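[1] Here is my input, please return the structure:
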Amino acid sequence: MKVPAREGILTSVEAHAALQAEGSPNPAGLDRPSRGNSGIICQAIGRSIFASSISLASERVSVLLQKEEEKETSCPLLFIQLNELFCAHDSLEWKQTARWIKFEEKVEDGGERWSKPHITVLSLHSLFELRMCIKKGTVLLDLEAHSFKQIVEKAMAVQTGERSLRPEVRKKLMSVLLRSPRHHTTQSHLRVVAEFSTACCRGECWLGASLALGHLGPSPGCSFVSLQQSNQFKKKIPAGAEVSNILVGEVDFLDKPFIAFIRLQKAVGLGALTEVAFPSRFVFILLGPRAKSKAYHEIGRAVATVLSDEVSSHRVAHQAEDREDLIAGIDEFLDELTVLPPGKWDPTIRIPPPKCLPSPHKRYQRARTQHAPATQHVSEELQRTGRLFGGLIKDVQRKAPWYWSDFYDALNIQCFSAILYIYLATVTNAITFGGMLGDATDNMQGVLESFLGTAIAGAVFCLFAGQPLTILSSTGPVLVFERLLFSFSKDYSLDYLEFRLWIGLWVAFFGLILVATEASYLVQYFTRFTEEGFCALISFIFIYDAIKKMLILADSFPVNWNYKINDVTLYGCICNASDTGRSRLLMPDSWRSRSSLLSANWSLLTKTECLQVGGHLVGNSCNYVPDITFMAFILFLGTFLCSMMLKRFKTSHYFPTPLRKLASDFSIILAILIFCGIDSLLGLETPKLVVPSEFKPTNPQRGWVVFPFGANPWWICLASAVPAILVIILIFMDQQITAVILNRKEYRLQKGAGFHLDLFCVSLLMVFTSVTGLPWYVSATVISLAHMDSLKKESMTSAPGEQPKFLGIREQRLTGLVVFILTGVSVFLAPVLKYIPMPVLYGVFLYMGVAALSSLQFLDRIQLLLMPAKHQPDFIYLRHVPLRRVHLFTLIQMLCLAALWVLKSTVAAIIFPVMLLALVGIRKAMECIFSRQDLSWLDDIMPEKDRKEEEEKLQGSQEKEESDGEEVSKRGKSCVLQMWLCGSGRHSSCCGGQGPSLLTCWRSILMAT
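    Residues are numbered from 1 along each chain as shown. Next comes the predicted model:
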């Protein structure tokens, strides 16, 4: 329930408080308003029902925020500490009882530990009393002072008239305020023991005891600066932060409250007053006679809560020019307040901080409308210039200023982790797709060609592309087309590589045409529906291939289901000579002497030696292999689960934050090293990573350059344009959908995209790979998303209870460049790479597929199909779209995904590129089934040619409506008299000339009132 802070409400409260202060024996005036004022308050609220939706406080705050934007200054974060005055051993002392960095932490009753961060819960009355304190107390803005003593002296100097202090009271007040506070600090147990021992060795056991108890107070010879510097809590506060000091308490020598709110012109250090060594900007002092229990404490918490609000502390309090501005800030805070009714919840329960906080900028918009999703606008990268290669030129101009920073921005240990992770993923992908290409093309393209093409194409792309975070690779759809092309060439006796060369040249030509005509403008039609369908398909391909490889491995190393431990004496396998004369001819020279010695006992030969000399194995255990399959699945699933666990380790509660973040950044590498070590320790012969050791074509019949003429008829160069159309559709869709996914706004990329430049680079690389007979390369969605995920930046410091903020992606070119260089030199790294088990790399494949799939809204909506409504998460789109419409949207998306999978896996795969293009048409047709509002929540709004004209018309109609508002209000009374004319259709003047309508007249009457 919102509590609007209207001027009438607070005026009545102030009036009552002022009367109570005058007539009550309590001069502080800190008691609640009597129940008699409830009628006045209700009456004030009633008068504001039909008032403007924007309060006077909101208008004043908006002016302050506008001035701040004009100055282009940012306000630092505030660390707020609350010090209270207590009486201990017949003397007064200040103790720190609470602190705020966005959330409240209080000293527990035992005084030995800080509480967990929680959301502050206040009484509404304490905020009203705070407003009264600001209105009646001393306010000093932009005060010039260099110490806390100067601040107190200047605050007392302005106490004139009724607020003047007697000399003896002034002296006592000065003495109390200048007492050094006792701060409550926390340190690790090891540090406490070490410092206690060191202090005792120096004969300063009083210091060791205070450190052990966690209290830092004024003691002889103690350096407050050193204690502040050693405070570990300082690491939680970002550099450049400022301090707000709040001092509240009761004294017996004051007969009326001493209230002062001070904002220093320049933040200065106030010595022992603050817990941490940061400069102070604000000081709030409230000392007065004895009042209701915890009244001053609650007002101090109210001050801290208002200042900890991002807008109130960072902006309004910094920009306020007088007392009224501060009051307006409090009123605006009250206007945004939410009240929990008494008796419906337990006030002793501490509300934990949420994982995600709403943006403060939306709270102070002048038009307070219900939140709705923004319509999709054309980004700068996709705006058409109307000139040939205009988009390409714009991309080059946009990316050129960032080029050199793309290299030195990579100087971070996180990039080292990303290089190792993506390198192993790229090598595994090159071996996997290279092997499948070799099987599909009779080794015309094999593993070595895959390594070489990946290294050259990827390195060139990272050097010159618009989005260097993209990882190029052979993809499943391209592999399907290569298989079909080879089968067609073999059936019709065509030279495969020459036919492929002409197709690649046509594809490059069509790609350059698309770049010249700025066809990437069509990318804006790729909405979330298309992106998620394609990304889900590629993710499922990764998951399917990983599991398929493991099942194939199980066939190569079968499980010994029939093995019986009791029959172990019956098992045996020996080598038998089938033809001794022939065996000696086949035998190597080095073995002939050995064979002559062992001619009577062939059983001493190994399996390899036996087969090489022409023998054969005899026995019932010759086909026995160790249970490699079980070990392989342990490595496979262990790598996957360990990677998932370590990636999420940074959100756990164990170990310090830097260690958790480091483990999360190196999660994949650590998982690979752990299970490679386990495999090496057990010594089982699991299948290992095998890379080419010689630099030569996989098929000896081909060379490194493909000649365009000679093997095929001349008309093939023209006929190749037909399949090239399918390929360019596939390349365009695959490349641009991946580019759209990588350049989403939620990744907060700062250096811009380069859709035209990326397509230009892919088109030129198509020429090179076609001429050299290397595989065709395009953006790999899953590996590129894994690359982005490994380079996420988060805030180094975060307030207690606050999750680290996502700051964006570490945009640079070096990680991808080093990955592809290492891929190229992997031929020379074979002695090291041979120790990596293939099941471990398949586990990495599974992790990448699951990680990419889990980031899709599509997966969340699939889970909703299996959940009862009461257990469904509170997704934002479920608040605005009926559940049955959500399920219908999900089912259509699932059918499209199933159709893509079937087309990919059958002989109809030749039309797979057309089906990708058809996704855009299907999404457009869905506008006939779903309303525009539903699609705006479930998907993106597709662009329309007349969108801009419609928005201009809408804006013009709104301006016309606002301009006609005053005229309509003047004629409100005449509308009452002539309403029957509007309802009967015989009069239209009262309706603004817009046609007769009873509803319009009623609207005019309401606007007039």
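
[2] Pull the number of nearby residues for Thr338.
    If you count neighbours by other C-beta atoms under 10 Å, Thr338 ends up with 7. Using the backbone N, CA and C atoms, a C-beta is placed for each residue, glycine as well.

[3] Could I get the contacting residues of Val515?
    389, 391-392, 756, 759-760, 763 (C-beta atoms under 8 Å, 6 or more residues apart in numbering).

[4] Pull up the gap between Glu694 and Asp442, please.
    19 Å (C-beta to C-beta, to the nearest Å).

[5] the more surrounded of these two?
    Asp442 (14 against 6).

[6] Make sure the more buried one is actually in contact with Gln701.
    No. Applying C-beta atoms under 8 Å as the test, Asp442 and Gln701 come out as separate, 9.2 Å apart.

[7] Quick check, Phe640 in contact with Tyr847.
    Yes. Assessed by C-beta under 8 Å, Phe640 is found in contact with Tyr847 at 5.1 Å.

[8] now the helices: where do they sit in the stretch 201-350 of the chain?
    205-213, 224-229, 295-308, 310-311, 317-319, 323-335 (DSSP state H, counting those that start in this stretch).

[9] worst average pLDDT in the ones you listed?
    Lowest mean pLDDT within the helices of the stretch 201-350 of the chain: helix 205-213, at a mean of 45.

[10] quick one, what contacts Ala425?
    By C-beta under 8 Å, 6+ apart, the residues touching Ala425 are 783, 786, 844-845, 848.

[11] among these, which are in helices?
    Residues of the contacts of Ala425 located in helices (DSSP state H): 783, 786, 844-845, 848.

[12] May I see these organised as JSON lines, with pLDDT added?
    Converted to JSON lines, the ones in helices among the contacts of Ala425 look like this (pLDDT from 0 to 100):
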{"residue": "Ile783", "pLDDT": "85"}
{"residue": "Ala786", "pLDDT": "83"}
{"residue": "Val844", "pLDDT": "82"}
{"residue": "Phe845", "pLDDT": "80"}
{"residue": "Met848", "pLDDT": "80"}
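
[13] where are the low-confidence patches of the stretch 451-600 of the chain?
    562-572, 577-600 (pLDDT under 70).

[14] residue ranges of the helices in it, please?
    Assigned by DSSP H, counting those that start in this stretch, the helices in the stretch 451-600 of the chain fall at 476-491, 496-516, 528-556, 580-586, 589-597.

[15] Between those, which one is closest to Ala320.
    Across these, Ala320 has its closest neighbour in helix 528-556 (43.4 Å, C-beta to C-beta).

[16] relative to helix 528-556, how tilted is the strand or helix carrying Met645?
    If you go by DSSP states H and E, Met645 is part of helix 628-647. Angle, helix 628-647 to helix 528-556, by axes from the mean of the first three to the mean of the last three C-alpha atoms, to 10 degrees: 150 degrees.

[17] buried ones in helix 628-647?
    Of all the residues in helix 628-647, those buried under the rule 16 or more other C-beta atoms under 10 Å are 628-629, 631-640, 642-644, 646-647.

[18] helices and strands around it, which ones?
    Using 3 or more C-beta pairs under 8 Å, 6 or more residues apart in numbering; DSSP states H and E, the elements in contact with helix 628-647 are helix 528-556, helix 657-665, helix 667-682, helix 838-854.

[19] Pro882 is nearest to which of these?
    Closest among the helices and strands packed on helix 628-647, using C-beta to C-beta: helix 528-556, at 18.3 Å.

[20] That closest one vs helix 476-491, what angle?
    Using the same axes, to 10 degrees: helix 528-556 against helix 476-491 is 60 degrees.

[21] did I read that right, Glu93 in a strand?
    Yes. Counting by DSSP: H, G, I helix; E, B strand; the rest coil, Glu93 is found in a strand.

[22] distance of Leu78 from Leu841?
    Taking C-beta to C-beta, one finds Leu78 at 50 Å from Leu841.

[23] same thing with Ser489?
    Ser489 is 32 Å from Leu841, by C-beta to C-beta.

[24] So the two - more neighbours on which side?
    Leu841 (25 against 20).

[25] is it true that Asp142 lies in a strand?
    Yes. With three-state DSSP as the criterion, Asp142 is part of a strand.

[26] if I read this right, it contacts Arg263, doesn't it?
    Yes. The pair Asp142 / Arg263 is scored as a contact, 6.4 Å apart, by C-beta under 8 Å.

[27] Which of the two has more residues huddled nearby?
    Arg263 (19 against 11).

[28] Tell me which residues touch the residue nearest to that one when sequence neighbours are not counted, please.
    Nearest residue to Arg263 in three dimensions, chain neighbours excluded: Leu141, at 4.9 Å (C-beta to C-beta, 6 or more residues apart in numbering). Contact analysis of Leu141 by C-beta under 8 Å, 6+ apart lists 263, 320-322.

[29] Go through the helices and strands packed on helix 628-647 and pick out the most buried.
    Most buried of these, by mean neighbour count (mean count of other C-beta atoms under 10 Å): helix 838-854, with a mean of 23.

[30] what's the angle between the next helix or strand after that one and helix 838-854?
    Moving toward the C-terminus from helix 838-854, the next helix or strand (DSSP H and E) is helix 857-864. Angle, helix 857-864 to helix 838-854, by the same axes, to 10 degrees: 80 degrees.
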